[in-house]
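Let's see this in three dimensions:
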Amino acid sequence: MTIRAALPPWVLVCGGFHRLGGMDRANFALSEALLEKGHEVFLVGHNIAPELLDDRRVHATVVPRPLGVLLAEGSLRREGMRVASEVTRRCPNARVIVNGGNCPWPDINWVHSVHAAWPRFDSFAPRWFRIKSRINKQKARHDELYALQRAKLVIANSERTRHDLIALGIPIERIRTVHLGCETDWKPATLEQRASARRSFDLPEHAVIVSFIGALGYDHNKGFDTLLAAWHEAKLQNAILVAAGTGRGFAHWQRQVEKLGLHGSVRLLGFSDRAGDLLAASDLFVSPVRYEAFGLNVLEALCRGVPSIVSKSAGVAELYPTDLSERLLQNPEDARELSRMLTQWKTRSEEAQPMFVDLAAKLHEYSMRDMAKKLIATTEH
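Numbers count the residues shown, from 1 in each chain. Sure, this is the predicted structure:
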């Protein structure tokens, strides 16, 4: 292992580094910012973008993802510890950043979610899944607490996450908050792009399109059960709910749509890597999550100028101005509240649209690149 750069190298241990979605986008942005600043970067992850693999300043360790969450986490942890040990032995001032409980290295921990504050919502799931979920959650909480207690600096992705870390017993003076930023290509759709997106999903040109993006597994955390119940009650005219996402519980959700008689107004797309196109086709985005440390899907919708309803408890809700507070769902368990919000939005959609346009413009002032620079600066003080 040869370290060539004059600046201290960085080791990043994360699940993925790419632009395809989720927190992996943020990991990718941090990698780019470090390279731009002149650091050599050692990446340890399951999925690393080709452009990073091809960069001579990047030393990548791609960790195969075994079947099973615990095996995958164990492999990432071992490789992360190994690489961090080798780099810091050769360069004692190297920085190491990990995510939550994925690697207990005593330096920087960038927290994307807090398992201790994230309950299980799988009461309807098969017994085998609930047993497995309970074991996985217990292990995740143990690993998380151990790693966070060792960290010298903890970066929270929202004030919500910061408060959850304080409740977990992490000293307040060790925690800093750095919100996630907007990607430059998250722009409002033109009329032509909107029409094209609707054609690609075979959606009526003049219908009201409400979208949902999230896992449709055995866990109810994303709140799709609340959304379905609210949709059934609201009975919006000339409106279609389009949900992108899949998971082990996908067949269950298909049955629920049929059981509620919603097959004509609800479309389940399954897995889709076209979130941008779906948002371009949308009039409204809804995310009634029960727990969400931040909510990158909502941020993308907002940056694209799509009016969005999200649970007040989600970290991304901190970005909503006061005049849009009525778009924050107080209780993600309350389908009637969400039904009223859907009906009110459809009746008064033109009133809120300019406010969401203004919010999109403000959010574009703080990019993922800005976020990464702020995070790096935070670690230097």
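
Tell me, how many residues neighbour the residue nearest to P321 when sequence neighbours are not counted?
Closest residue to P321 apart from its sequence neighbours, by Cβ to Cβ, 6 or more residues apart in numbering: L359 at 6.5 Å. For glycine as for every other residue, the C-beta is placed from the backbone atoms N, C-alpha and C. For L359, the count of nearby residues is 20 (other Cβ atoms under 10 Å).

which ones are touching L359?
Counting by Cβ atoms under 8 Å, 6 or more residues apart in numbering, L359 touches L302, L319, Y320, P321, L324.

I'd like to know how far it sits from S113.
Here the distance between L359 and S113 works out to 24 Å (Cβ to Cβ, to the nearest Å).

Just the element for S75, please.
helix 69-90 (DSSP states H and E).

Packing partners of that helix?
When contacts are defined as 3 or more Cβ pairs under 8 Å, 6 or more residues apart in numbering; DSSP states H and E, helix 69-90 packs onto strand 10-13, strand 41-45, strand 95-98, helix 127-150.

Which stretch among these approaches Q193 most closely?
Taking Cβ to Cβ, strand 41-45 is the member of those nearest to Q193, at 32.4 Å.

The closest one vs helix 69-90, what angle?
In terms of direction (axes from the mean of the first three to the mean of the last three Cα atoms, to 10 degrees), strand 41-45 departs from helix 69-90 by 160 degrees.

looking only at pLDDT, what's the mean for the helix or strand following strand 41-45?
With elements assigned by DSSP H and E, the helix or strand that comes after strand 41-45 is strand 47-48. For strand 47-48, mean pLDDT is 94.

now stretch 367-375
Here the average pLDDT along stretch 367-375 is 97.

hmm, which of the contacts of L359 are the buried ones?
The neighbour count (16 or more other Cβ atoms under 10 Å) marks L302, L319, Y320, L324 as buried among those.

Please tabulate the residues you listed in TSV, including the columns distance to H381, secondary structure and pLDDT.
Output for the buried ones among the contacts of L359, formatted as TSV (distance: Cβ to Cβ, whole Å; DSSP: H, G, I helix; E, B strand; the rest coil; pLDDT from 0 to 100):
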residue	distance to H381	secondary structure	pLDDT
L302	30	helix	97
L319	24	helix	97
Y320	29	coil	97
L324	33	helix	95
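
Which one of those is nearest to G276?
L302 (13.4 Å).

The closest one contacts A314, correct?
No - here L302 does not reach A314: they are 11.9 Å apart, not a contact under Cβ atoms under 8 Å.

just to revisit the earlier point, so can I have TSV of the helices and strands packed on helix 69-90 showing distance to N109?
As requested, these are exported to TSV (distance: least, Cβ to Cβ, whole Å):
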stretch	distance to N109
strand 10-13	10
strand 41-45	15
strand 95-98	6
helix 127-150	6
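
can you list those in TSV and add distance to L260 and mean neighbour count?
Formatted as TSV, these follow (distance: least, Cβ to Cβ, whole Å; neighbours: other Cβ atoms under 10 Å):
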stretch	distance to L260	mean neighbour count
strand 10-13	44	26
strand 41-45	40	25
strand 95-98	43	25
helix 127-150	23	15
